[in-house]
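J.: here is a sequence with its predicted model. Questions after.
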Amino acid sequence: MFDRIYLPVTGLLIIVCFLFSCTHESMEDISAQPSRYPEEVARIMETRCATAGCHNKASFVNAGGLLLDTWEHMFDGGNNGSVIVPYSPDYSSLLYFINTHADQGPIAVPTMPLNDSPLSLDEYLTIRNWVASGAPDVDGNISFSSEGATRQKIYMAMQGCDVIAVVDAASRVVMRYIPVGKSTAIEQPHCVRVSKDGKYAYVSFLAGEYVQKIDATTDELLPEAAHVGIGQWNVIHPSEDGTQLMITDWSNTGKVIMINTADMSVQPQFGGDFKKPHGVTSNAGFNTFYVTSELENFIYKFSFQQAYFKKVPIDEGNAPPRVIHEIIMLPGDTRYMVTCQETDEVRVMDAIADTLIKVIPVGIQPQELAISTTKPYVFVTCIQDNSSWPGYVGSVYVINYNTYEVTKVEGPMYQPHGIAVDDINGTFYVVSRNASESGPPPHHTSSCQGRNGYYHVYDLNTLQRLPKRYEVSVDPYSADVRFK
């Protein structure tokens, strides 16, 4: 059912440093505190994993930063992020390294415990079934399940595997994976957006016919979904009050439609002359809309209430196509920014006069935009930009939208695309697709075909990268933060 996973030598060295469960010299006290694992799980974790030289307090720093002496510490993850995700055995990498049974899920090498006998089938199934039931502690508590109404989270769409990763903003690790899509085929979740009140997240699909709705308190996929029909459904833009969504169909003769979020009903589409519509934004009143065209050098500006439709040029004359990708409204609703991925620039437009204000050169192939609510910053991912990090590609440009000053942010990114700003915790998240075979080898694989991507967390005040690289599933593409 599943193939054994053999990684290249570079990947093997990384793994040995990360998921050690090494040969141990003797039993020792695991912790001064109870481990809080259920009894049958504790027998395995305490005698095979959290042992001398491996994942105990004395050794875990040199064992990939993964501490397994207690249930709580396990959910801190290691240097590559989560190793156990409640309810998601297929995306819990610890299971790959303790599995030697090809019919029971992914297998990664080297097998853990290293230089020791592998777990028996019964032992492996004990851990796997425990994860599938939520990986509860000895009292039945599920990690990250408390304070659902107020917990800060970041949602990421895995375009190569039909799941949404949910990141806990406090610990910065993946706390849940939510399966999405309506069919057995990969529908490519393309964009995820969270309502301003933090109650719901919405997902569009490049190869699906629905927009789906997630309860952001429980992280459960809700049964109601908007049937938008055949299209290449792209960017979602929620209204300020959360009652409506605008979404674009990225086709040569595309559509722009409105969705009522109460019952996910589709309103009559706006019948404009749309060509490859992609990015979408609006004023705060959600009655004037701006949509980018990737085929022509103008912005579609229109209003349902006033029944007007116009094309706003972003330059003069017959310039070559700039491939206008994304758009974001700036505070005050008088200016907006667009990314021009063919000409490596961000253009600032006057939303009232419909004129160009400023051209800002940025890195190669600018893509997504995100804005801070506490600082005058707009963040731009440049997916193919040159990097001073050997072997990596891509960067983030930070634009002060008051002064138009620009700061380039680098790091071990590879094809960064999605970006989200968590003003509450003073961080921003950069999501690397890592889809090319030329990218850094993933630490591990998963049950989904393809190369895992990853994200980094940066300090919003210093623009400096925080230490860990957090691995996620295949082709992480879009990101949005709860409670902006």
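T.: Nice, I can see it. Note that this is a predicted model, so its numbers are computed, not measured.

J.: now the strands for the stretch 251-400 of the chain?
T.: 256-260, 265-266, 277-282, 289-293, 298-303, 308-313, 324-329, 335-340, 345-350, 355-361, 366-371, 377-382, 395-400 (DSSP state E, counting those that start in this stretch).

J.: partners of the last one, with directions?
T.: When pairs are called by DSSP bridges, strand 395-400 turns out to pair with strand 377-382 (antiparallel), strand 406-409 (antiparallel).

J.: hmm, back to that, deepest-packed of the strands of the stretch 251-400 of the chain, please.
T.: strand 377-382 (a mean of 26; mean count of other Cβ atoms under 10 Å). From N, CA and C alone the C-beta is placed, and that goes for glycine too.

J.: any idea which element His73 lies in?
T.: Taking DSSP states H and E as the definition, His73 sits inside helix 71-74.

J.: and the next helix or strand past that helix?
T.: Following helix 71-74 in sequence, per DSSP H and E, is helix 93-98.

J.: quick one: contacts for Tyr470?
T.: Applying Cβ atoms under 8 Å, 6 or more residues apart in numbering, we find Tyr470 in contact with 77, 80-82, 167, 172-174, 454-457.

J.: got a list of contacts for the helix holding His73?
T.: Counting by Cβ under 8 Å, 6+ apart, 35-37, 45, 67-68, 83-84, 137-138, 143 sit against helix 71-74.

J.: ok, now with 10 Å
T.: Helix 71-74 is contacted from outside by 31, 33-38, 41-42, 45, 49-50, 55-57, 60, 66-68, 82-84, 94, 135-139, 141, 143, using Cβ atoms under 10 Å, 6 or more residues apart in numbering.

J.: which parts of it are buried?
T.: Buried positions in helix 71-74, judged by neighbour count with 16 or more other Cβ atoms under 10 Å: 71, 73-74.

J.: same question, stretch 416-430
T.: 416-423, 425, 427-430.

J.: domain parsing for this protein?
T.: When the chain is parsed with automatic domain parsing, its domains come out as 4-132, 151-269.

J.: gap between the two ends of stretch 399-419?
T.: 14 Å (Cα to Cα, to the nearest Å).

J.: report the secondary structure state of the residue positioned nearest the centre of the chain.
T.: By Cα atoms, centre = their mean, the mean C-alpha position of the chain lies nearest to Met156, the distance being 2.5 Å. Following DSSP: H, G, I helix; E, B strand; the rest coil, we place Met156 in the strand state.

J.: how close does it sit to Asn452?
T.: 12 Å (Cβ to Cβ, to the nearest Å).

J.: what do the two both touch?
T.: Joint contacts of Met156 and Asn452 (Cβ under 10 Å, 6+ apart) are 472-473, 476.

J.: can you tell me which of these is closest to Asp241?
T.: Pro476 (29.1 Å; Cβ to Cβ).

J.: mind listing what the closest residue to the closest one other than its chain neighbours touches?
T.: Closest residue in space to Pro476, ignoring its immediate chain neighbours: Gly453 at 4.1 Å, by Cβ to Cβ, 6 or more residues apart in numbering. By Cβ under 10 Å, 6+ apart, the residues touching Gly453 are 156, 158-160, 165, 414-418, 431-435, 439, 442, 470-477.

J.: how about the helix or strand Gly453 falls within: buried residues?
T.: For Gly453, the host element (DSSP H and E) is strand 452-459. Going by neighbour count (16+ other Cβ under 10 Å), the buried part of strand 452-459 is 452-458.
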